[in-house]
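Trainee: Just to be clear, the model below is a prediction. Sequence and coordinates:
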Amino acid sequence: MESKIEVLSTVKIQNTSDLYKIVDLLNRTLKHEDLMFGLALDREDENQAVFTIYRT
């Protein structure tokens, strides 16, 4: 069975050291809703983070 991941929304936000805690909490809490959350540093500005919501 093939898994398809769909990007629902992406936003750039100010990077802080605790952002990963929010993403972890969302992933643990909402995985049964087929949602996944990602966080990455912006390639052009390391002071910005890219937060993405996916449907799995």
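Mentor: Cool, the structure landed.

Trainee: which stretch of helix or strand covers the spatially closest residue to residue 41 that is not a sequence neighbour?
Mentor: Nearest residue to residue 41, sequence neighbours excluded (C-beta to C-beta, 6 or more residues apart in numbering): residue 49, at 6.1 Å. Where C-beta positions appear, they are placed from N, C-alpha and C, glycine not excepted. Per DSSP states H and E: residue 49 is located in strand 48-55.

Trainee: what's that strand packed up against?
Mentor: Applying 3 or more C-beta pairs under 8 Å, 6 or more residues apart in numbering; DSSP states H and E, one finds that strand 48-55 contacts strand 6-14, helix 19-30, strand 35-41.

Trainee: Looking at the ones you listed, which one is packed in the most?
Mentor: Most buried of these by mean neighbour count (mean count of other C-beta atoms under 10 Å) is strand 35-41; its value is a mean of 15.

Trainee: Can you list the neighbours in contact with it?
Mentor: Strand 35-41 is contacted from outside by 5, 8, 15, 19-20, 23, 26-27, 30, 48-56, using C-beta atoms under 8 Å, 6 or more residues apart in numbering.

Trainee: ok, residue 13 to residue 53 distance?
Mentor: Look at residue 13 and residue 53: by C-beta to C-beta, to the nearest Å, they are 13 Å apart.

Trainee: what stretches of this protein score poorly on pLDDT?
Mentor: Scanning the chain for pLDDT under 70 picks out the ranges 1.

Trainee: Cheers, nothing more for now.
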